[in-house]
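Q: turn this into a structure:
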Amino acid sequence: MSNLNILNQQGADTGAPAAIEESWLVRDKGEQAVKDAVVAFLAAQRSGTACTKNRANLSSRSQAKPWRQKGNGRARSGGKSSPVWRGGAVAFGPVPRDYSVSINKKVLKLALKRAFTDRLDDGDIIVVDSLAFDTPKTKEMTGFLKAINAGTDALVLVDEYSENVDLAARKLQQVLVLKASSVNTYLMLLFKKIVITKAGLAQLAARLA
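A: Got it, this is the predicted structure:
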């Protein structure tokens with residue numbers, strides 16, 4: 001078991017460290033699981049709605065043969081909807097499809113544990129006792145991140161959404177506020193720093209243990 005210092009919103013050490021259980025961590029496996037989880041997440045973001053018309057869908061072009069098959073000195077042609085004709089159909093164009101990839105729940109859990117372990121070992125996780133703002137202003141969030149040395153590229157994990165906190169981060173393109181119960185492997189790896197509240201850590205621990 002290891003400990004992480006818990007900071008307050010002003011960046012001072014509270015003196016009550018957070019215990020990180022070994023059951024939350026995995027170091028000897030999970031690299032492939034992380035890759036599979038990230039690929040599956042990105043694949044799920046694809047809409048798969050790209051579509052072009054093939055000869056069967058192209059009703060605006062005549063289906064009549066332009067000229068007879070032989071005897072006129074020109075290449076044979078079956079119809080004006082041919083892909084080689086201007087205004088014709090598209091050959092081998094995209095059609096609507098589902099890009100989603102199915103992954104076992106155990107693999108997803110292993111991937112999240114490995115991603116969390118790697119970020120922990122790299123010193124990229126910052127634990128704060130709580131997070132609350134009086135006003136929904138961007139300067140509140142930037143001041144908080146500066147005080148705890150989290151920079152301007154951070155994932156903020158909380159146990160419950162706070163409107164002021166959510167609105168304070170809305171204009172910061174590289175800051176995302178998310179419930180710890182919703183974080184996935186991709187987001188765990190996307191940001192340079194991970195800021196998590198004490199209650200959010202307990203929520204995440206329930207998923208990792």
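
Q: so which residues of this structure form helices?
A: For the chain, applying DSSP state H gives helices covering 31-44, 105-121, 138-147, 163-168, 185-190, 198-208.

Q: can I get these in CSV including mean neighbour count, mean pLDDT and distance to residue 73?
A: In this view, the C-beta of every residue, glycine as well, is placed from N, C-alpha and C. Listed next are these as CSV, based on neighbours: other Cβ atoms under 10 Å; pLDDT from 0 to 100; distance: least, Cβ to Cβ, whole Å:
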stretch, mean neighbour count, mean pLDDT, distance to residue 73
helix 31-44, 16, 96, 52
helix 105-121, 19, 96, 64
helix 138-147, 17, 96, 73
helix 163-168, 17, 96, 73
helix 185-190, 20, 97, 61
helix 198-208, 18, 94, 74
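
Q: residues contacting the residue nearest to residue 78 when sequence neighbours are not counted?
A: What sits nearest to residue 78 in space, not counting adjacent residues and going by Cβ to Cβ, 6 or more residues apart in numbering, is residue 65, at 6.2 Å. Listed by Cβ atoms under 8 Å, 6 or more residues apart in numbering, the contact partners of residue 65 are 77, 78, 79.

Q: likewise residue 91?
A: For residue 91, the contact set (Cβ under 8 Å, 6+ apart) comprises 54, 83.

Q: do the same with residue 120
A: Contacts for residue 120 (Cβ under 8 Å, 6+ apart) come out as 4, 20, 25.

Q: ok, residue 128 - how many residues close by?
A: By other Cβ atoms under 10 Å, 25 other residues sit near residue 128.

Q: and the closest residue to residue 53 other than its chain neighbours, how far is that from residue 113?
A: Spatial nearest neighbour of residue 53, excluding adjacent residues (Cβ to Cβ, 6+ apart): residue 89 at 5.6 Å. Distance of residue 89 to residue 113, given as Cβ to Cβ, to the nearest Å: 50 Å.

Q: coming back round to it: now a ChimeraX select for only the buried ones of the contacts of residue 120.
A: In ChimeraX syntax, the buried subset of the contacts of residue 120 is picked out as below (16 or more other Cβ atoms under 10 Å):
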select :4,20,25
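
Q: so which of the contacts of residue 120 is the closest to residue 185?
A: Ranked by distance to residue 185 (Cβ to Cβ), those are led by residue 25 at 14.6 Å.
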